[in-house]
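Undergrad: here is a sequence together with a model predicted from it:
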Amino acid sequence: MMIRVGVLVWLLLLAMPAQASLSVSTTNPRWIVSSVTGKAVYFSSIGGGPEESLQFNATFRGLQDIQRADPVTTDFTAALASVRGARLNHMRLWQLEQGASSSAAHFKDGTYLRVLLDQLPYLRIGSRTDGTTGVPVTVGIYDLSRFSQDYFDRMRSRVQETLAAGVYPSVMLFSSGHLEYDDYSIGHPYQAGNNANGIDADMNGDGKVEETMTLADPGVTAFQDGYICKFVDTFKDIGDVMFEVTNEVQRRGSEDWQDHVMDQIRECEGQQDSVRHLVMQSAYDFGQRTNNEYLFNNPRPDIVMPTCTSDGTNYDANPPANDGRKAIAWYDTDHAVLTCGTIGADVPWRNFMRAVYFGYLNERESAPVMAAVRAAQAQTLDWANTRIANLLDMVAETGTSICESGYCLYNPDGSEFLIYLPSAERKYIDLSSWTGQYRVQLFNPADGTTTNAAEVRGNGFCFFTPPWGGAAVVYLKRTQSSQ
């Protein structure tokens, strides 16, 4: 029997698995949903790390072999194994835009940050020696109208390897914060002398190119637009990679530029028949911010990465509950050093219980504290993605009317409750609005053990005191409704 070619192609397309993708839930926009499972997925990640720690710092060196003095080649496969070994499921892949940058002191002693000259997005057509810093530094010369396909192939390969390891990646398009923190940006392709296209982004002559984070130079913007479309095209068939616009811009005036980047991503996705990617926008100019409304009120990002602000908002001590009015809240502790308090093992739990995703820069705390925080991250992931029956329907307590501790995820139909008790104090949960019998489990974050407790009934208050004298997690699952 003969089958028409068109029918055969259609049948083959039907047999192919649907492209995996991530999206924000339309019914409960506190959570990200996987198209593969149809379920909510919670993420907790390592976002960087001390330079002497190759494995966890590979998130910083994930896309490029960033080095200071001696050549460093990142063992990316080992890094992924390390992340999986820590039972984490998200990896933030950084990108540095320039081949050489750092403080004047680092240039003087030869420990400046450097990226291999061919590990930048544009095609290198030569090199030159720059003496601006007082020491000779080799920098690349690039054609901004042509891309380095090897760079984009490497980036795509790293993302695919990450996903194959069961870890979801996000990738930065720009590394803007580093353009401000460093004294010199001598290796940036948009610096005069580093390109064959007549671009000089250092409009104020301060040795840096922080002006690239504005729309001040249409020529710069045009080349950035081309780069954004090439970036999107690289991942147009990979829907479970997230795009991060940039990292912690500190200058005012970048708002229009960041909005333009996000608009350009969507335009390029439409032009290239790309899947829609989740776009992340991190806090910027956050040392001067009264609140995070500038992020939450922007309709463009799917995920916003707020921080602590002068109105008392503190994602370390008392994270605001995500009320579902605006997409995803994702606390990145990289942004905490100037504005928040101290990171401890309780912080991942406090954020998870407020429906806030969590990223940890394991760099500033002592080794025991870093290990404890990572262990708490793994515990929250286990509860979110495995032990809770239906995370997608869970909402966060926004006060203390239901859970006295103030840290509670619950299903509004009363079928499930997960409560975090930060201390050994006796606390109640008010089940007056629900009836039925509930199975009770007590989880000890200190040692990872779970014990069963006596069942409780709804239609009243229930009190819990951790029997081990420390923080506890209480899980209630309704086993039967009242007859």
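TA: The structure has been received and is ready for your questions. If you're wondering where the values come from, they're calculated on a predicted model, not measured in any experiment.
Undergrad: got a list of what Gln281 touches?
TA: Gln281 sits next to 244-245, 258, 262, 295, 298, 300-301, 303-305 when contact means Cβ atoms under 8 Å, 6 or more residues apart in numbering. Every C-beta, even on glycine, is put in place using the N, C-alpha and C of the backbone.
Undergrad: which two from those end up farthest apart in space?
TA: Pairwise distances across the contacts of Gln281 (Cβ to Cβ) peak at 14.5 Å, for the pair Glu244 and Asn298.
Undergrad: between those two, point out the one with more neighbours.
TA: It is Glu244, of Glu244 and Asn298, that has more neighbours when counted by other Cβ atoms under 10 Å, with 25 against 16.
Undergrad: what about the longest strand in the chain?
TA: When secondary structure is assigned using DSSP state E, the longest strand within the chain turns out to be strand 137-147.
Undergrad: alpha carbons of that strand, as CSV, please.
TA: Backbone C-alpha positions of strand 137-147 (Å, rounded to 0.1, in the frame of the first residue of the first chain) are rendered in CSV as follows:
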residue,chain,number,x,y,z
VAL,A,137,48.0,43.4,27.6
THR,A,138,47.1,41.5,24.5
VAL,A,139,43.5,42.2,23.4
GLY,A,140,41.4,41.0,20.4
ILE,A,141,40.3,43.0,17.4
TYR,A,142,36.8,41.9,16.1
ASP,A,143,34.4,42.4,13.2
LEU,A,144,31.2,43.2,15.0
SER,A,145,29.2,42.4,11.8
ARG,A,146,30.3,38.8,11.9
PHE,A,147,29.9,36.2,14.7
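Undergrad: what packs against whichever helix or strand comes after it?
TA: With elements assigned by DSSP states H and E, the helix or strand that comes after strand 137-147 is helix 149-164. Taking 3 or more Cβ pairs under 8 Å, 6 or more residues apart in numbering; DSSP states H and E as the contact definition, the neighbouring helices and strands of helix 149-164 are helix 76-85, strand 90-93, strand 168-172, helix 218-234.
Undergrad: of these, which is nearest Ile32?
TA: strand 168-172 (9.0 Å).
Undergrad: any chance you could list what contacts that closest one?
TA: For strand 168-172, contacts defined as Cβ under 8 Å, 6+ apart pick out 22, 41, 43, 63, 89-95, 155, 158-159, 162-163, 235, 240-247, 280.
Undergrad: buried members of the residues you listed into ChimeraX, please.
TA: Buried residues among the contacts of strand 168-172 (16 or more other Cβ atoms under 10 Å), as a ChimeraX selection:
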select :22,41,43,63,89,90,91,92,93,94,95,155,158,159,162,163,235,240,241,242,243,244,245,246,247,280
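Undergrad: so when I look at Thr479, I'm seeing a helix, right?
TA: No. Thr479: not assigned to a helix; according to DSSP: H, G, I helix; E, B strand; the rest coil it is strand.
Undergrad: residue contacts, it?
TA: 436-439, 455.
Undergrad: low-confidence ranges, the stretch 1-150 of the chain, go.
TA: Applying pLDDT under 70 to the predicted model, the residue ranges of the stretch 1-150 of the chain that meet it are 1-19, 48-60, 69-73.
Undergrad: go again using 80 as the cut-off
TA: For the stretch 1-150 of the chain, the stretches with pLDDT under 80 are 1-20, 47-62, 66-74.
Undergrad: mind jotting down where the helices sit in it?
TA: Along the stretch 1-150 of the chain, the stretches classed as helices by DSSP state H, counting those that start in this stretch are 5-15, 54-57, 76-85, 104-109, 149-164.
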